[in-house]
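Enquirer: Structure of the sequence below:
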Amino acid sequence: MKLLRIQIESFAKWKNQTWELGDATLLFGLNEAGKTTILLFIESVLFGYRTPISDRSAGSLLFDEDGKRWYIERRQGRTKTGEVIVTCNGERMNASDFLNHIDLSAFRHLYRIDLDQLQLMEDGDPEEINRLLFDTSLSGILSLSTRQKELKKNSLDLFKPRGRKTEINVLAKNMDDTKRALDEWSSKLDRYGLLREEKKDIQEKIDIKTKEEQSLQDRKQREELKQLLIPLAGRWKETSNYLQKEEVLPAYAKDSFEQLKKSFQILKEEIAVQEAKIPELQKAKYSQEELTELGSLIESFAKADMYEQQLTDSTNEQERINLEIAELENTIPDDVDMNHIRYSPPLVKRLDDLTEQQRDLKLEEKQLEKRSRETNTLSTGYKWLKFGAVGLYAGGIIALLLGEWVSGIIFALLGTITLLYFIFNIDKNGEKDSNSSSRLSDLQQEWGKLHKEIDNWCDDAGFIYGLDIHTYRYVLESSQKWQELQKKKQKEIKKSQEAAAWITRHKQQASIWTGNGDHSIQEYAQSLKLLYSEALQSLDKRNQDIRKKENLEEVIRELEAKSAKQEEEINNWLLAAGTEDEQNFWKIVERDAELRELKRSAQDTWQQICAVAPNEVLREELIEEIVSEENAENNENIEGKISEVRRELGELYEKKSELAISLKQMEEGGSFAELQQRYEQEKLELTALVKRWAVYETASMLVDDIREVYEKEKQPDVLKEAEAKFTRMTNGDYLHVHVPVEQKHFVVERKDGKTFTPSELSRGTRELLYVALRLALIKEHPALPICIDEALVNMDHPRRHALWEELAEVAENHQVLFFTCHNHIRKEWEKEVKGIVYKL
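Expert: Next comes the predicted model:
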């Protein structure tokens, strides 16, 4: 399979980049140029992005597989890994159809050779290095040793034959303990029932004695309450009759009446104080209407600068227009009066027509003159033609006389032809002369008619006669500009007059307010502002005094209303007491206070009675017994009975406690049903754990079988190919690579017969062994291109030369992508391998 194109829309530093690849392609660039980024992009499109989803990475790869075109596109959207689209010759396919169960780990172990793997060869311990080489030689796709270690670890986490802390070992011990507890329960069940019955009987006796104790406590409490109620009942009997009487005034009458009298006096004093604060109003210098008029005048003075500037600008513009008019009039003939010129589009159109007619007449006149000259020239030529014809006739006669009949006849024919041509053209030329003479006569008439039309046009346009028609055109066009300048001039005159009138009018208005005098418009404006400010201050002072007076009068009215209301409330209190005399009012208040105190004493007594005996029925019974003077039971007898009952209860509780301890000892570890349920649950859990352990053990055995099959069937071919490549790359220094029987490590044999394990080799030789194994595996699995990233930097030149030869051979049947930042390696590539080179 061959990668034809890498297209990156967005990935890390690369944006909108495309590379077309060949059988062997070198991507060369300095550090941070983006070489490894391109390799990571290839992995990301195949197996998913690992960049943040906010990067919105996107791009595609195009592969060729025996004429089939595989297109793989992946872009980040809702997921971090991105959504992938896979097509084969335009038909939608699954990613697994293309990858054929190759995952990211398999890709890196098989098709990617980089410094990370080579560094592991340098830094790893001997066992780890050997494991890496062995797994590489075994499959290059999945690390079976890693899988087997995981399975073995999971199995040992569940069960160890001599272990105590694994899940199966712990659960088995718990089941043994539960089984022993169940056996002990079987012997205790008979005695357990008898003890529970005895405990139940004792509890019934305890309940009876408890009720008896409660009854005695109630009797004791009743007698105690009765003793507390005896003094309270006597006091209640003396004061309860006052509860039926009513007071004349409410309890708050005294305080309310005193507060009203005090507040009424304060209001009277406050009214006198506010009346003394009312100010005396001063007359304003100007009315509000006059101030409004003055303010409007001041606002209009804001335009003073504008009108002064308008007067200056208009005067300057008039001078400029006068200069422009004078310059224009200097270009016009003196006898032309511009005031009489009438400009209109119809007049311009007529002038254009007259100009066109004049041009046509002049052109035709020139053509007739030219034709006349041509006719005179032809007439002279025709005369010579006539003499030629006579000469030809004479020559013919002479030839006939000399006996030259042929020559004579030829001369005679030529003379006849010449004579006929002369006669034809003489007639035609005469006709043309006649036509030309007639047309010249007509032209003279048309010229006269044209001059008359020009004179008529001059009358309509206001021009004098006798000027050239082009002069008429210039003057007519200039008249339009002259009229526009005159209009502008009149407009500027009007603006200057308007500005001067405004300034004069406002000066007059300002002098009315400020007094006579000739000042500038700005001085008048300042005087008006000062006058307006003083008038406003005076008016504000008066308005403040008016508002103050109104506010004070409003306050006085409110105070008087409150005073009247309080006086009415005082009279209402006197009316409620049934008197008009304030002295009698206070006597009634004192009598009501005494009655209220007696009623409060009665209520307090009743509340104490209720507090002592909250239960209404009990309270009534006790009061009735007190009133009837029944004898109370002796509390000492009740106390003796209570002590006896409590002693008996103590003995019963002690016996119950002994039985409870015995039952608890029998029930320790849970009830029989709970133990049975726990035992069954532990059996189920143990069964599930054993099944899991069996799965792990079976899987581990299957891995061993797979490795054994592969070692027997596939590994010899891979090792044979790796051995051949390793021998060539070491220039024959090492001849054999093999795995001893029943051992899981490599041994390489040097040409002198000595053997070495990988950890005993030099760094460069170990790396060559690793590369040889990878290239041998790739020959067995030629699915994807091989990607080599800086894998030669630690090798010397002879070893690199040997590796270049191997890569050149690999590139003939398998695509190679090579990444480097070293210029000397780039040159060696171009020399040894050749192929496409991209400089990043």
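Enquirer: which residues touch stretch 18-33?
Expert: 2-8, 35, 38, 807-808, 811-812, 815-821, 823, 826, 829-830, 833-840 (C-beta atoms under 8 Å, 6 or more residues apart in numbering). Where C-beta positions appear, they are placed from N, C-alpha and C, glycine not excepted.
Enquirer: Just the ones in strands from the residues you listed, please.
Expert: The strands, defined by DSSP state E, take in 2-8, 816-820, 836-839 from those.
Enquirer: Separate out the buried members of those residues.
Expert: Leu3, Leu4, Ile6, Gln7, Ile8, Val816, Leu817, Phe818, Phe819, Thr820 (16 or more other C-beta atoms under 10 Å).
Enquirer: Export those residues as JSON lines, with columns for distance to Arg800.
Expert: Below are these laid out as JSON lines (distance: C-beta to C-beta, whole Å):
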{"residue": "Leu3", "distance to Arg800": "25"}
{"residue": "Leu4", "distance to Arg800": "28"}
{"residue": "Ile6", "distance to Arg800": "26"}
{"residue": "Gln7", "distance to Arg800": "32"}
{"residue": "Ile8", "distance to Arg800": "30"}
{"residue": "Val816", "distance to Arg800": "15"}
{"residue": "Leu817", "distance to Arg800": "18"}
{"residue": "Phe818", "distance to Arg800": "12"}
{"residue": "Phe819", "distance to Arg800": "15"}
{"residue": "Thr820", "distance to Arg800": "11"}
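Enquirer: is it possible to export those residues to a markdown table including distance to Ala724 and pLDDT?
Expert: Formatted as a markdown table, these follow (distance: C-beta to C-beta, whole Å; pLDDT from 0 to 100):
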| residue | distance to Ala724 | pLDDT |
| --- | --- | --- |
| Leu3 | 27 | 93 |
| Leu4 | 31 | 93 |
| Ile6 | 33 | 95 |
| Gln7 | 38 | 95 |
| Ile8 | 38 | 95 |
| Val816 | 19 | 91 |
| Leu817 | 24 | 93 |
| Phe818 | 22 | 92 |
| Phe819 | 26 | 93 |
| Thr820 | 26 | 93 |
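Enquirer: Nearest to Phe264 among the residues you listed?
Expert: When those are ranked by distance to Phe264 (C-beta to C-beta), Ile8 comes first, at 97.5 Å.
Enquirer: pretty sure Ile278 is touching Asn551, no?
Expert: No: judged on C-beta atoms under 8 Å, Ile278 makes no contact with Asn551 at a distance of 9.9 Å.
Enquirer: show me where pLDDT drops low in the stretch 51-200 of the chain?
Expert: Applying pLDDT under 70 to the stretch 51-200 of the chain flags the ranges 118-148, 182, 184-193.
Enquirer: what ranges do the helices span in it?
Expert: 95-99, 104-110, 115-123, 126-138, 144-158, 167-239 (DSSP state H, counting those that start in this stretch).
Enquirer: buried ones in the helix or strand harbouring Gln265?
Expert: Per DSSP states H and E: Gln265 is located in helix 253-276. Within helix 253-276, the residues that qualify as buried are Ala253, Lys254, Phe257, Leu260, Phe264, Leu267, Ile271, Gln274, counting by 16+ other C-beta under 10 Å.
Enquirer: Centre of the chain to that helix, how far?
Expert: 70 Å (C-alpha atoms, centre = their mean, to the nearest Å).
Enquirer: packing partners for that helix?
Expert: helix 521-577, helix 582-612 (3 or more C-beta pairs under 8 Å, 6 or more residues apart in numbering; DSSP states H and E).
Enquirer: what would these look like in JSON lines with distance to Ile230 and mean pLDDT?
Expert: JSON lines is the format used below for those (distance: least, C-beta to C-beta, whole Å; pLDDT from 0 to 100):
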{"stretch": "helix 521-577", "distance to Ile230": "42", "mean pLDDT": "82"}
{"stretch": "helix 582-612", "distance to Ile230": "11", "mean pLDDT": "81"}
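Enquirer: Which one, of those, ends up nearest to Lys370?
Expert: helix 521-577 (77.6 Å).
Enquirer: just the angle between that closest one and helix 253-276, please?
Expert: Interaxial angle, helix 521-577 versus helix 253-276 (axes from the mean of the first three to the mean of the last three C-alpha atoms, to 10 degrees): 150 degrees.
Enquirer: what is the orientation angle of helix 521-577 with helix 582-612?
Expert: Using the same axes, to 10 degrees: helix 521-577 against helix 582-612 is 70 degrees.
Enquirer: Output the contacting helices and strands for helix 521-577.
Expert: Partner elements for helix 521-577 (3+ C-beta pairs under 8 Å, 6+ apart): helix 253-276, helix 288-300, helix 304-330, helix 469-514, helix 582-612.
Enquirer: The same query, at a cut-off of 6 Å, please.
Expert: helix 253-276, helix 288-300, helix 469-514, helix 582-612 (3 or more C-beta pairs under 6 Å, 6 or more residues apart in numbering; DSSP states H and E).
Enquirer: among the helices of the stretch 51-200 of the chain, which is nearest Lys366?
Expert: helix 95-99 (92.1 Å).
Enquirer: what comes up buried for that closest one?
Expert: Counting neighbours by 16+ other C-beta under 10 Å, the buried set in helix 95-99 is Phe98, Leu99.
Enquirer: Can I get that helix in CSV? Just the C-alpha atoms.
Expert: Extracted in CSV, the C-alpha atoms of helix 95-99 (Å, rounded to 0.1, in the frame of the first residue of the first chain):
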residue,chain,number,x,y,z
ALA,A,95,-12.1,2.3,9.1
SER,A,96,-11.6,-1.4,10.1
ASP,A,97,-11.9,-2.4,6.4
PHE,A,98,-8.8,-0.3,5.7
LEU,A,99,-6.7,-0.8,8.9
